[in-house]
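Q: Based on what follows, work out the 3D shape:
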Amino acid sequence: MASKRTEVQVRPGGEADLDALTAIYNHYVRETPITFDTAVFTPEERRPWLLSHPVDGPHRLMVAADTDSQEILGYATSSAFRVKPAYATSVEASVYLAPDAGGRGIGTLLYKALFEALGGQGLHRAYAGIVPPNEASTRLHERFGFRYVGTYREVGYKFGRYWDVAWYEKEL
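A: Numbering: from 1, shown residues only. I've put the predicted structure just below:
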């Protein structure tokens, strides 16, 4: 049985996307160890995060939307890696997809747009933390030139157990 191919538009995220972005993120908070947040957010609680990703500069938010329905299928961000000034040329990159949007190349479209947008921003490195096992995320990051640099062992506690975080870096 052939499935209908979804046309996807990737664009900067904005205020109108806040509810959908919050719903996607809350799925990962509730259902997975992929994020170490343990309590869901309201859109209002998530607004400072949204505002920390303007349409220009090194900290970006790109969203993928179904061209027909405008349903948000996922998002990618580049965020501050650490808060101290010497870290300003490094960012942490991440991708979150709607629960039914995996395996369709949407993460690839998002990262392609994100890294294109980051060109000329004076950035030196991008980092990504992946909670194993997450083969899809590992493949996506390696496809974009990230390489494994080490693992923080049992660094997060969620769902009654400890989780590792494998770290990857990419030269920008």
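Q: just for this structure, where's the confidence low?
A: Applying pLDDT under 70 to the chain flags residues 1-5.
Q: can you map out the helices along the chain?
A: With DSSP state H, the ranges of helices along the chain come out as 18-31, 43-51, 106-118, 135-143.
Q: I'd like those helices as JSON lines, with mean neighbour count and distance to residue 84 appended.
A: (Each C-beta comes from the backbone N, C-alpha and C, glycine too.) Converted to JSON lines, those look like this (neighbours: other CB atoms under 10 Å; distance: least, CB to CB, whole Å):
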{"stretch": "helix 18-31", "mean neighbour count": "17", "distance to residue 84": "26"}
{"stretch": "helix 43-51", "mean neighbour count": "13", "distance to residue 84": "20"}
{"stretch": "helix 106-118", "mean neighbour count": "20", "distance to residue 84": "20"}
{"stretch": "helix 135-143", "mean neighbour count": "16", "distance to residue 84": "24"}
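Q: Rebuild those as CSV, extending it with distance to residue 75.
A: Shown next, in CSV, are the helices of the chain (distance: least, CB to CB, whole Å):
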stretch, distance to residue 75
helix 18-31, 6
helix 43-51, 10
helix 106-118, 7
helix 135-143, 14
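Q: and residue 80, which of those helices is closest to it?
A: helix 43-51 (11.4 Å; CB to CB).
Q: could you give the angle of the closest one to helix 18-31?
A: Helix 43-51 and helix 18-31 are oriented at 100 degrees to each other (axes from the mean of the first three to the mean of the last three CA atoms, to 10 degrees).
Q: Mind giving me the packing neighbours of helix 43-51?
A: Here helix 43-51 touches helix 18-31, going by 3 or more CB pairs under 8 Å, 6 or more residues apart in numbering; DSSP states H and E.
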